[in-house]
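Q: structure of the sequence below:
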Amino acid sequence: MSTTPTATARADTPVRLGLRENWAQFTLLVIVNVSVGALVGLERTTVPLIGTDVFGLTSDLAVFSFIIAFGLTKALTNLAAGELTARFRRKQLLMAGWLIGIPVPFALAWAPSWGWIVAANILLGINQGLTWSMTVNMKIDLVGPARRGLATGLNEAAGYVAVGATALLTGYLATAYGLRPAPELIGVVFIAAGIGLSLAVRDTAAHVALELAQHPRPARAEQSPGLAKIFARTSWHNRSLRGASQAGLVNNLNDGLTWGVFPLLFTDHGLGLAAVGLIKGLYPLLWGLGQIPTGHLADRIGRKPLIVTGMFVQAAGFIPALALLDRPMLAGVLSAVALGLGTAMVYPALIASVSDHAHPTWRANALGTYRFWRDIGYAAGALVAGVLADTLGLNATVIAAAVLTAASGLLAARWITDRPAP
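A: Alright, predicted model coming up:
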């Protein structure tokens with residue numbers, strides 16, 4: 001970790017790269033991301049059931065439309081976020097994301113029609129795209145290249161532990177008080193906390209400038225070629241970035257599919273809201289907590305082993321969801337454990353891998369492109385799940401997810417390298 005104070009954020013404050021050197025700001029950003037994750041966790045247990053039980057939706061594709069709206073909006077916001085960082089400071093975009101999210105819990109709690117739920121998810125997608133993107137970028141800015149895996153692991157751990165804890169909490173609140181409005185209104189607390197904490201965050205522009213000054217490849221040789229060219233480079237031309245993008249897409253395809261399918265599948269087989277909340281909470285809790293050691297491990301052994309192994313662990317995680325369905329609680333828990341651990345291996349390693357292969361002058365756009373493809377996976381998963389569930393049944397969607405995830409692991413093994421191209 002570098003400790004050379006070659007730039008200053010304020011007149012009296014030297015700027016250094018490193019986790020230890022920036023622990024206070026880093027910790028504050030971790031806590032901010034707890035609020036970010038908690039807000040999206042509101043929907044994990046109850047919203048698919050609100051569609052069927054409150055609004056009487058009979059088409060699975062219609063039920064999953066809120067995930068499609070969320071995934072598309074978040075993906076497009078992620079893509080725009082990289083370009084927006086060239087025009088606005090990261091803190092400004094972080095605050096904008098929180099302000100856009102203010103109506104979400106109220107709409108979920110009292111929406112008079114399903115269309116309002118879908119509209120709330122458009123706002124939630126923008127909120128998540130801006131707030132989560134900025135917390136990731138700012139942590140990477142603070143720690144520099146030596147600790148990117150650990151930094152992204154801690155960031156994603158905070159967010160997804162909050163997703164899981166909120167999914168658990170909303171399941172119990174729904175059991176005690178009904179599907180609405182109590183489970184959704186706790187989101188007001190998360191938004192208030194997110195806004196208050198984000199006001200105390202300092203921007204990281206000076207840390208980016210310091211990393212650029214210390215980078216082994218001069219900025220003149222790596223001037224950002226523009227969003228369109230970076231999109232093409234990240235999506236296809238660079239093998240490692242292509243491998244990371246497709247793995248991220250399939251990873252979140254799994255999440256989008258299980259987000260919609262698991263509550264319906266396991267309630268159809270006799271589980272109550274609290275049990276479904278446990279299953280839906282366990283997956284992101286393990287996903288979140290697991291990223292602390294796996295992020296650190298990605299810095300030690302490289303990104304590729306964790307990415308490839310994690311995709312295969314996820315693929316295997318779908319097997320108990322069907323093979324043990326006569327014991328739905330056991331099936332759900334075992335599936336959640338494998339999916340959570342597999343995703344924990346993949347998530348920080350993918351973000352760190354993209355950061356490794358992108359020069360600081362265009363890293364924000366490369367991360368935005370990667371996160372675009374990753375979060376398109378939510379929409380793709382919901383769309384695949386809806387079409388297959390309506391035509392072939394819920395079980396077929398689980399089989400399709402397992403096959404796609406295994407194939408993605410093979411592509412990652414073929415394309416991703418741990419050493420950036422010279």
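
Q: all strands of the chain, in order?
A: 7-10, 13-15 (DSSP state E).

Q: by mean pLDDT, show me the worst of those strands.
A: Mean pLDDT per stretch puts strand 7-10 lowest among the strands of the chain, at a mean of 46.

Q: contacting residues around Asn78?
A: Gly129, Ser133, Gly368, Arg371, Phe372, Arg374, Asp375 (CB atoms under 8 Å, 6 or more residues apart in numbering). (Each C-beta comes from the backbone N, C-alpha and C, glycine too.)

Q: give me the number of residues near the nearest residue to the first one once chain neighbours are set aside?
A: Nearest residue to Gly129, sequence neighbours excluded (CB to CB, 6 or more residues apart in numbering): Thr77, at 2.6 Å. By other CB atoms under 10 Å, 27 other residues sit near Thr77.

Q: right, and Thr77 touches Leu123 too?
A: No: counting by CB atoms under 8 Å, Thr77 does not reach Leu123; the two are 10.6 Å apart.

Q: which residues touch Glu268?
A: Quick fix: residue 268 reads Asp, not Glu. Counted by CB under 8 Å, 6+ apart, Asp268 has contacts Leu394.

Q: isn't Ala401 right up against Gly381?
A: Yes: Ala401 is within contact range of Gly381, at 7.4 Å (criterion: CB under 8 Å).

Q: find residues that contact each of the two.
A: Joint contacts of Ala401 and Gly381 (CB under 8 Å, 6+ apart) are Leu253, Asn254, Leu257, Thr258.

Q: could you list the single helix or strand in this protein with the lowest mean pLDDT?
A: strand 7-10 (a mean of 46; mean pLDDT, DSSP states H and E).

Q: which ones are touching the closest residue to Ala389 other than its chain neighbours?
A: In this structure, Ala389 finds its nearest non-sequential neighbour in Asp60, 3.8 Å apart by CB to CB, 6+ apart. By CB under 8 Å, 6+ apart, the contact list for Asp60 reads Gly260, Leu264, Ala385, Gly386, Ala389, Asp390, Leu394.

Q: what's the closest of the contacts of Asn78 to Thr361?
A: For these, the minimum distance to Thr361 (CB to CB) is 13.8 Å, reached by Gly368.

Q: I'd like to know how far that closest one sits from Ile126.
A: Going from Gly368 to Ile126 by CB to CB, to the nearest Å gives 14 Å.

Q: same thing with Leu404?
A: 27 Å.

Q: pLDDT below threshold where in the chain?
A: 1-13, 215-224, 420-422 (pLDDT under 70).
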